[in-house]
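Novice: quick one, structure for this:
(2 chains)
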Amino acid sequence: MSISAKAEAVLALHRFGMGPRPGSIAAVGTDPRGALIAELDRPLALSAAVSLPTSAKAYRTVADANARRTARAKQAQQQAKKQQMAATPIAAGDQGQAQAQPQGYSQEKDAAEMAAKQAADAVPDPGRPIYLQEAKLRTEAALAADIGFAERLVWFWSNHFCVSANRIQSMSGAYEREAVRANALGRFVDLLLAVEGHPAMLFYLDNLGSMGANSIAGINRSSGLNENFAREIMELHTLGVRTGYTQDDVISFANVLTGWTLVPPGADPQHGGEFTFNPRLHEPGGQIVLGKRYEQEDAEQGRAVLRDLAAHPATATHVATKLARHFVADEPPPALVEQMAKTFRDTEGDLKQVAISMVSSDEAWRGPPSKLKRPGEWVVGMVRATGITVVDPTRFTGGQELLGEALWRPSAPKGYPDDEASWIDGIGRRLDVANNFAERITGMADPQVIIEDVFTSQIAPEVKQAVGRAESRQQALALLFMSADFQRR
Amino acid sequence: MGFVNHLPTRRELLVGSGALFAWSQIPRLARAEGRDPRLLVIVLRGALDGLGAVAPVGDPDWVGLRGDRALVLDGKPPALPLDSFFALNPAMPNLHRLYKTGKAAIVHATATPYRERSHFDGQDVLESGISKPGVTASGWLNRALLAIESGGRVDPRGSRALGIGSVTPLVVRGSAPVMTWVPQKLLPASEDTQNRLLDLYQHTDPKLATVLQARIKLASLGGAPGAGDPMSDDPTLMPPGIARVRAYFAEAAGTAARYLAKADGPRVGAMGFVGWDTHIAEGAASGQLYNLLGALDGAFAAIETNMGEAWRETVVAVVTEFGRTARINGTQGTDHGTGTVAFLIGGALAGGRVIADWPGLKPAQLFEDRDLRPTTDLRAVLKGLLRDHLRVEEKVLADAVFPGSADVKPMGGLVG
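Specialist: Take a look at the predicted model:
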C-alpha cells in the first residue's frame, strides 16, 4: 500500500469507523470507500445476544424482584412488630411505663423499618447485571469490528432515538438491540415504527398512562393526556425543531398516540413488558396532524402519522444534517447534506443508501480531521489500538461516565451532543483516563508497535517524537492516546 | 479510572485456582536463623537525578558543575549533611533521620550494566536482571523467589510476592505466584506528562493546547480552599498536582507495608513510581524533583509506620533505570545519564553511610564527558541484599537471578 492509501485508510477508520486496530489498515485496503460500503452488507445482529433476555423479559425480571422486595420488607416488618409485642412486659396501669411509651414506640418503629429495609436489600437488583451484560456485548462488538462503520451507525441511531437507563435500566440494552440495531441499515420508517412502538421508549417518554379526555379511562379518571412523547417525536426524532408544526399538531398527535403502552408485568407472566395497544386509554375519533386527517382505528392511526412523518422532507433534511454533523464536521458541507437528504427522499429513507451516499461523496473526505471524537468512540479507539477485545463492563461504563458520556444515560431525550464545544473541556478528564489505562496495559502494549503496526506509521512526526522520548511506556501510551491523531477525526 | 480488564489480577485468579497459591513464604534458611525477613523493591521510573537527590557537596567541582542549581549546605533550603562529603536533598527529612539512626544507606555512583539511554530498555535491564535489553519474560526478584526454599506455610491461600499497581512490575513478574493490589486512588497524570502533552498540542493542535493549559493553570491553584480535596477519589473534584502525588505515594507504599507486615502476608513486594524524567525545570531545591523526593520521603514514613514490629526485619531498596547528566541542560533540567543513587532503608539495614567509590566530577572523570561515572554495579548491591537478607545462594544469584553476573560479587555487610 502506498503512503497516501494508508493515510486514507486511517482516515476511514477514524472518521467512519471505530479507529485502527491490529490489521485493520490492511483490511481496509486500497479502496476505503468500497471497504466501508462492503461492511454494511454484513449481518449486524449480535450472535452472543441469544444469552440475553428480551426487553420484556428483563423488565419482568426487575418487576418481579421489586415485588419480592416489597413482600420481604412487609414480612420482616410484621415479624419485628410481633417480636416487640412479645418482648414488651405487660404493665398496664404503671404510670412510669406509660410515660416512657412514646420514645419506646418510636424505637420499635425504627427497628421494624430497619428490618424491612434489610429484608428488601437482601433481594438483589437484577437490572444492573443486565445493563452491564448488554454494555459488554455492545462494546465488544465495537472492538471486534474490522472497521466499525456499521457499529458507528448503530451508536448514532441509538443516540438519536435515545432512552435513558436512569429511568429504564432493565430495557436500555435490549431496546438498542431490538429496535435500533435491527433497523439501523433498513428503512427509516421501519426504524421509526420500531423505536416509537418499543416499551422502553413509551416508558421513557411518559406515554404509558397517557389517555385521551374522551377515552373510557379518561372519563372514569381525572388524569389525562401527556404531550411529551408526541412532541419529542416531531422535534427530535423526525421533523426537527421549528419546522412548522404547531402546538395543536402536538396535542392531536398526542391524542393519536394514547393507548400505546405496555402489558403490566404483574398481570401477565408471559407477555408482561411487551407493547400493547390499550383501547381504553385511546382518544376516540379522527385527528388532524399537519393538516391531514387521520381516521384510522386503534394503533394504526399512530402508525399512519409516523409513516407520514418519516416521509416528510423536513425529516430527510434533519436526519441528513445530523448524520453529516456526527461523521464529518460540526458544520458539515451543505452540498454533502443536500446529497444525503436527496438520497433519503429518493429511496424512501433507505438508511443504507444514505450511508453509502455519505461515504461516496468527496465532500465527506476532503475536510481536515476537525471533529473531536466523543468520549465513547475515543475510549473504544484507544482500546482497539491495543488489540484488546474483551472488556470488564463495570470498569468500562465507569470510565465512560467519568468522561461525561455514560452509556445509555443521556440527561435529556435529545441525546448526547455532537459538537466540539460540548466535549473539549473534558480533555483533562481524558488525560486521567488515558494515564490510568496506560498504566493498566503498559505490560502488554508497546507504543512503538501501535505506531508502526496498527497505524503503519501514519501518525504525526511530533507524536512519534513525543512517544520516543517519553520517560516510560506508560507515559508514551498516554501521550499517544491523548494526541490529536487519536482525538480528532 | 481505567476500564479494561484484559488480564485477571492474581487476586482474581486466586479465587478460581486456590491450589496454585497454596504454598508458603518464609525463606527457610532465614527462618532457621530465627528471622522472618521482608523485602520491598521500589522502582523509580524515568531516571532519578542522583546528584540532585544526594549532592557531593565536598567535591570541589560540584558547584562549578551545577552553578546556582547545585544543592549546598548553606542553600535555601539547606541540604541535609550526611557525612563530610555528601548531603541529602532537603525534601527528605525522614530519610535523613533514618540515616542518622543507621536505618538507611545510600549507594552513590551506581548503575545497572546498561550503558545506552532509552528509558524502556533501561527499565527492562533494571527489572529483568538481564544485562541486554528486550528480555521481559520475568524479573530478577521473581527468579530469586523461585530459588528460595520454603520455611513453612504462612498463608494457605497466599502467594510469595506482592505487586503494587494495576500492572505487576516486571521485576516481580515470572513463574513464582504474585498477588497484586491496586491502590484505590487514581494516580494523576504527572506534571511532566501534562507538560509534554501541552508541548505536543502546541505543535499540533492549538485548541487542545489552550484547554490543557487552562487545566494546568487551575491545578496550580490546587492548594486554594475549595479547589478540590486532594484526598478525594473523584478525579473530577481533585486538582491534579503534587498533593495527589503525595497521597498516592503514601497510600501505595503504606498499603504495601501493611500487607508485608501481616503474620500471614507476603514477604516480598515490588512497586513503581513514575515522574522522574526531569528534562525541564528540574527544581532540585524547590520544584518538580524536590516535590517528588518529598512524596517519596512521605512514602518511606508510611512504610516505617505501617510495618510496625516487622520494620526491624525490613529492607526497602529504591532503584532507578539510570541517572541524569551531571550538568544542567539548556532548559534548567537534566538529560538522560548513567550513574545515580540507590536508597536502602529499613530496620534490618546496617546503614548510616553513603557507599560510594567516588569517581569525581572533572570532565575527564565523567562518563562520556557528561554523566556521573558508575563505579558500583547495582547488581552487587541487590545480590548482597538477596544473599544476606533472604538467603538466596550466591551461585543461584550468579546463574539464574542475574545471569552472567559471576564477576559481580555480592556486596557484603548491608544487612546488620
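
Novice: where does B:Ala270 fall, phi/psi-wise?
Specialist: B:Ala270 has phi and psi values of phi -150, psi 140 when expressed as degrees, to the nearest 10.

Novice: was I right about it contacting B:Leu145?
Specialist: No: the criterion here is C-beta atoms under 8 Å, and B:Ala270 misses it with B:Leu145 at 10.7 Å. Where you see a C-beta, it was placed from the backbone N, CA and C, and this is true even at glycine.

Novice: sec struct for B:Ala109, please.
Specialist: Three-state assignment for B:Ala109 (DSSP: H, G, I helix; E, B strand; the rest coil): strand.

Novice: from B:Gln365, how far out is it?
Specialist: Using C-beta to C-beta, to the nearest Å, B:Ala109 is found at 10 Å from B:Gln365.

Novice: joint contacts of those two?
Specialist: Listed as contacting both B:Ala109 and B:Gln365 by C-beta atoms under 8 Å, 6 or more residues apart in numbering or on different chains are B:359, B:373.

Novice: who's more crowded, those two?
Specialist: Under the criterion of other C-beta atoms under 10 Å in any protein chain shown, the comparison of B:Ala109 against B:Gln365 puts B:Ala109 first, with 25 against 15.

Novice: A:Phe277: what's its closest spatial neighbour, skipping adjacent residues?
Specialist: The shortest distance from A:Phe277 to any non-neighbouring residue, by C-beta to C-beta, 6 or more residues apart in numbering or on different chains, is to A:Ala299 (4.1 Å).

Novice: show the pLDDT at that neighbour.
Specialist: On pLDDT, A:Ala299 comes in at 97.

Novice: so which helix or strand takes in it?
Specialist: Following DSSP states H and E, one finds A:Ala299 within helix A:298-311.

Novice: could you say which helix or strand holds B:Val319?
Specialist: strand B:314-320.

Novice: what angle sits between the following helix or strand past that strand and strand B:314-320?
Specialist: Next along the chain after strand B:314-320, taking DSSP H and E as the criterion, comes strand B:340-345. Strand B:340-345 runs at 160 degrees relative to strand B:314-320, counting by axes from the mean of the first three to the mean of the last three C-alpha atoms, to 10 degrees.

Novice: how near is B:Leu378 to A:Asp419?
Specialist: 53 Å.

Novice: and the two? which has more neighbours close in?
Specialist: The residue with more neighbours, out of B:Leu378 and A:Asp419, is B:Leu378; 27 against 15, by other C-beta under 10 Å.

Novice: the more buried one contacts B:Ala111, correct?
Specialist: Yes: at 6.0 Å, B:Leu378 counts as touching B:Ala111 under the criterion of C-beta under 8 Å.

Novice: sec struct for the residue of the stretch 151-300 of chain B found nearest chain A, please.
Specialist: In the stretch 151-300 of chain B, the residue found nearest to chain A is B:Asp277; the distance is 3.1 Å by C-beta to the nearest C-beta. Following three-state DSSP, we place B:Asp277 in the coil state.

Novice: how far away is it from A:Arg395?
Specialist: B:Asp277 sits 28 Å away from A:Arg395, going by C-beta to C-beta.

Novice: mind listing the helices for the stretch 101-250 of chain B?
Specialist: Assigned by DSSP state H, counting those that start in this stretch, the helices in the stretch 101-250 of chain B fall at B:119-128, B:140-147, B:191-204, B:206-220, B:242-261.

Novice: export those helices to TSV and tack on mean neighbour count?
Specialist: Shown next, in TSV, are the helices of the stretch 101-250 of chain B (neighbours: other C-beta atoms under 10 Å in any protein chain shown):
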stretch	mean neighbour count
helix B:119-128	24
helix B:140-147	25
helix B:191-204	21
helix B:206-220	16
helix B:242-261	22
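
Novice: can you name every helix or strand that the strand holding B:Val319 contacts?
Specialist: Applying 3 or more C-beta pairs under 8 Å, 6 or more residues apart in numbering or on different chains; DSSP states H and E, one finds that strand B:314-320 contacts strand B:38-45, helix B:288-307, strand B:340-345, helix B:378-385.

Novice: lowest-confidence helix or strand of chain B?
Specialist: Every helix and strand in chain B was compared by mean pLDDT, DSSP states H and E; the lowest is helix B:10-16, with a mean of 27.

Novice: quick check: closest non-adjacent residue to B:Tyr201.
Specialist: Per C-beta to C-beta, 6+ apart, closest to B:Tyr201 is B:Ala209, 3.7 Å.

Novice: for A:Leu281, see how far away the one you found is.
Specialist: Using C-beta to C-beta, B:Ala209 is found at 57 Å from A:Leu281.

Novice: what do you get for A:Leu52?
Specialist: A:Leu52 sits 31 Å away from A:Leu281, going by C-beta to C-beta.

Novice: what of A:Lys292?
Specialist: A:Lys292 is 23 Å from A:Leu281, by C-beta to C-beta.

Novice: neighbour count for the two, which is higher?
Specialist: Taking other C-beta under 10 Å, A:Lys292 and A:Leu281 do not tie; A:Leu281 has more neighbours (22 against 10).

Novice: need the pLDDT of the more buried one.
Specialist: Per-residue confidence (pLDDT) for A:Leu281: 95.

Novice: residues contacting it?
Specialist: By C-beta under 8 Å, 6+ apart, A:Leu281 lies in contact with A:209-212, A:215-218, A:258-259, A:261.

Novice: show me these that map onto strands.
Specialist: A:Thr261 (DSSP state E).

Novice: which residue lies farthest from the center of chain B?
Specialist: Residue farthest from the centre of chain B, counting by C-alpha atoms, centre = their mean, is B:Lys207 at 36.7 Å.

Novice: near chain A, which residues of the stretch 251-400 of chain B? Just list them.
Specialist: Proximity of the stretch 251-400 of chain B to chain A (C-beta under 8 Å from any C-beta of the partner chain) is limited to residues B:274-277.

Novice: for A:Glu405, what are its contacts?
Specialist: A:374-376, A:416.

Novice: per-residue pLDDT of it, please?
Specialist: 93.

Novice: which ones are touching the residue nearest to it when sequence neighbours are not counted?
Specialist: Spatial nearest neighbour of A:Glu405, excluding adjacent residues (C-beta to C-beta, 6+ apart): A:Pro375 at 4.2 Å. By C-beta under 8 Å, 6+ apart, A:Pro375 lies in contact with A:400, A:403-405, A:423, A:426, A:430.

Novice: list the buried residues for the biggest helix by length in chain A?
Specialist: If you go by DSSP state H, chain A has its longest helix at helix A:55-87. By neighbour count on 16 or more other C-beta atoms under 10 Å in any protein chain shown, the buried set for helix A:55-87 is A:55-66, A:69, A:72-73, A:76-77, A:80, A:84.

Novice: could you do stretch A:9-22 as well?
Specialist: For stretch A:9-22, by 16+ other C-beta under 10 Å, it's A:9-21.

Novice: closest one of the residues you listed to A:Val154?
Specialist: When the buried residues of stretch A:9-22 are compared for distance to A:Val154 (C-beta to C-beta), A:Met18 wins out at 11.0 Å.

Novice: name the nearest residue to that closest one, sequence neighbours excluded.
Specialist: Take A:Met18 and drop its neighbours on the chain: the residue closest to it by C-beta to C-beta, 6+ apart is A:Gly148, 2.9 Å away.

Novice: ditto for A:Gly428
Specialist: B:Arg215 (4.1 Å).

Novice: gap between the one you found and B:Leu198?
Specialist: 9 Å.
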